[in-house]
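Asker: fold the following, please.
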Amino acid sequence: MNPKIISDTIPNWINGEECAAVSGLTFDKLSPHDGQKLCQVVRSKEKDVTTAIQAARKAQAAWADITPVQRGDILHDITLAMRNKREEIAAIVAAETGMSVSAALGEVGGAIAQGELMAGEGRRFYGRTTTSAVSNKYNMTVRQPLGVAGLIIAANTPIANVAWKVFPALLCGNAAVLKAAEDTPATAWYFGKIAHEAGLPPGVLNIIQGYGREAGGPLVADPGVDVVSFTGSTAVGRQIASVAGQRLAKVSLELGGKNPLVVCDDADLDNAAKWVLLSAFSNAGQRCASASRIIIFDSVYDQFCDMLLAGISKLKLGPADDDDFGPVINEKQLNNMLTSIEQTRNEGATILAGGERLTDDSHAGGFYMAPTLIENADPHSQISTTELFGPIACLYRVNDFAEALQMANDSPYGLTSCIHTRSIHRATEFTQKVQAGVAVVNAGTYGSEPHMPFGGLKQSGNGWREPGTEALDVYSDIRDIFININPELL
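Answerer: Coordinates of the predicted model:
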């Protein structure tokens, strides 16, 4: 169902105004829950992107001239407006993603927390002062904006993804062009509406709708964009790094994960089972931090497997607040998952649960993937080494801690990780030696907080961290200032 707040056609925001694409083209956004048309979306191409970048460049100097405190105050006003409209935002997020309203409200809360954090950083926009080896010389550093930030986001947690990038980019004095995810266009559009109504100057934030190649591609390639920040797949991240690298643009990539969750023989198995189910299946597994590789000590493997199967049998799929998770975002992703499952079945793996699309009356027409548990998959097979972004997890047997740690690290990815154990020795060793940007003990593989940096190693990113105060390093540059005085003029 289309909430009344969603326009029939979702436009761009350029220079503070809603506008159609120059071509006049649109595409349909379908509801993941029932496959019905939710709205149509303007289909932007290079001319639209160029216009948005020009608007951003024109507005950026004046925005950078006001103090970080003043910029933070405007961001705080936007955050307050989001809080006042949290139910409307959540309704849009739920309609676009298929998640429940209660889950969407949680995402909105995370976005608001991010806005509050970054607004406060306007009063903590720290540089540093230091000494000089030269007499009568004083040294310091200050942050300076980069110019125009090109922001490209994913659809899985749409309002949180907007907040993660827009708030720090603007706080640092940049203007921005946000390329909305084509599967969640209304969320980005409504954020733009809130921001402009809250007093954000025209042109400081421009929002472009459209497909990745047609709208995201020109944004990455344009020499008027000084920094590109992308959240999404590793394959697309490689393309962005290549294109932006040709013109030496700064690039921040937060990419995929194939995240390990280790269950030791001394774990609290009830707690571990709860967190495996949440990490693997909440939000339909559509988290870069989702646990998709469950590594279990052999001595508890059979017992723990039975516990997981019992838990899966109780899961309810749908868009209501009492459902455990909803559909995946679109039919293409769903079909990719089914193809991968069939391939691993043909390779000899066993599908313990799920492995199919739900087509009963309650889920007909929607993009519902049954929660899927697989065992006997080769640790180096396609399904073990490729992010599927759905409710699919593989189980692996290991003999001991050393083998578990080795398997956890034997991956092209290195985003998040978790271990369940009662041993402080195992927990400490794991958090120190696991090859991941995030290490968790006795909980899930997801759960980033706004004030904490997030990102990964290897194919999970290129070393930058967002959000947290570390995001300021993505969206600003450091200027050295040397002041030399003449003592005779004192």
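Asker: wait, residue 221 touches residue 245, no?
Answerer: No. Applying CB atoms under 8 Å, one finds residue 221 not in contact with residue 245, separated by 11.2 Å. The C-beta positions use only the backbone N, C-alpha and C, and glycine is treated the same way.
Asker: neighbour count winner among those two?
Answerer: Set residue 221 next to residue 245 and count neighbours by other CB atoms under 10 Å: residue 221 wins out with 18 against 10.
Asker: so that one versus residue 207, what's the distance?
Answerer: Residue 221 is 19 Å from residue 207, where distance means CB to CB, to the nearest Å.
Asker: which residues touch residue 318?
Answerer: Residues near residue 318 by CB atoms under 8 Å, 6 or more residues apart in numbering: 33, 326, 362-363.
Asker: can you flag the buried ones in those?
Answerer: 33, 326, 363 (16 or more other CB atoms under 10 Å).
Asker: follow-up on the earlier one: from the contacts of residue 318, pick the one nearest residue 412.
Answerer: Using CB to CB, residue 326 comes nearest to residue 412 of the contacts of residue 318, at 28.9 Å.
Asker: how far out from the middle of the chain is stretch 389-409?
Answerer: 24 Å (CA atoms, centre = their mean, to the nearest Å).
Asker: restrict it to CA atoms and write it as PDB.
Answerer: The C-alpha trace of stretch 389-409 is given here as PDB (Å, rounded to 0.1, in the frame of the first residue of the first chain):
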ATOM      1  CA  PHE A 389      22.300 -10.200   0.800                       C
ATOM      2  CA  GLY A 390      19.500 -12.400   1.800                       C
ATOM      3  CA  PRO A 391      18.300 -14.700   4.600                       C
ATOM      4  CA  ILE A 392      20.800 -17.400   3.900                       C
ATOM      5  CA  ALA A 393      23.400 -18.900   6.200                       C
ATOM      6  CA  CYS A 394      25.900 -21.800   5.900                       C
ATOM      7  CA  LEU A 395      27.000 -24.000   8.700                       C
ATOM      8  CA  TYR A 396      30.600 -25.300   9.100                       C
ATOM      9  CA  ARG A 397      32.100 -27.800  11.500                       C
ATOM     10  CA  VAL A 398      35.400 -27.200  13.200                       C
ATOM     11  CA  ASN A 399      37.400 -29.100  15.800                       C
ATOM     12  CA  ASP A 400      38.700 -26.300  18.000                       C
ATOM     13  CA  PHE A 401      39.400 -22.600  18.400                       C
ATOM     14  CA  ALA A 402      42.500 -22.500  16.200                       C
ATOM     15  CA  GLU A 403      40.500 -24.100  13.300                       C
ATOM     16  CA  ALA A 404      37.600 -21.700  13.900                       C
ATOM     17  CA  LEU A 405      39.800 -18.600  13.800                       C
ATOM     18  CA  GLN A 406      41.500 -19.900  10.700                       C
ATOM     19  CA  MET A 407      38.200 -20.500   8.900                       C
ATOM     20  CA  ALA A 408      36.800 -17.100  10.000                       C
ATOM     21  CA  ASN A 409      39.800 -15.400   8.400                       C
END
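Asker: list the buried residues of it.
Answerer: Buried residues in stretch 389-409, counted by 16+ other CB under 10 Å: 389-398, 401, 404-405, 407-409.
Asker: in strands only, show me those.
Answerer: If you go by DSSP state E, the buried residues of stretch 389-409 have 392-398 in strands.
Asker: between the residues you listed, which is nearest residue 444?
Answerer: Residue 444 lies nearest to residue 393 out of these, by CB to CB, at 12.2 Å.
Asker: wait, the closest one sits on residue 377?
Answerer: No. Using CB under 8 Å, residue 393 is not in contact with residue 377, being 10.3 Å away.
Asker: where along the stretch 1-150 of the chain do the strands fall?
Answerer: Secondary structure of the stretch 1-150 of the chain (DSSP state E, counting those that start in this stretch): strands located at 9-10, 12-14, 17-19, 26-30, 37-42, 128-130, 137-145, 148-152.
Asker: same list (the ones you listed) but as TSV, adding mean neighbour count.
Answerer: As requested, the strands of the stretch 1-150 of the chain are exported to TSV (neighbours: other CB atoms under 10 Å):
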stretch	mean neighbour count
strand 9-10	19
strand 12-14	26
strand 17-19	15
strand 26-30	17
strand 37-42	20
strand 128-130	9
strand 137-145	15
strand 148-152	29
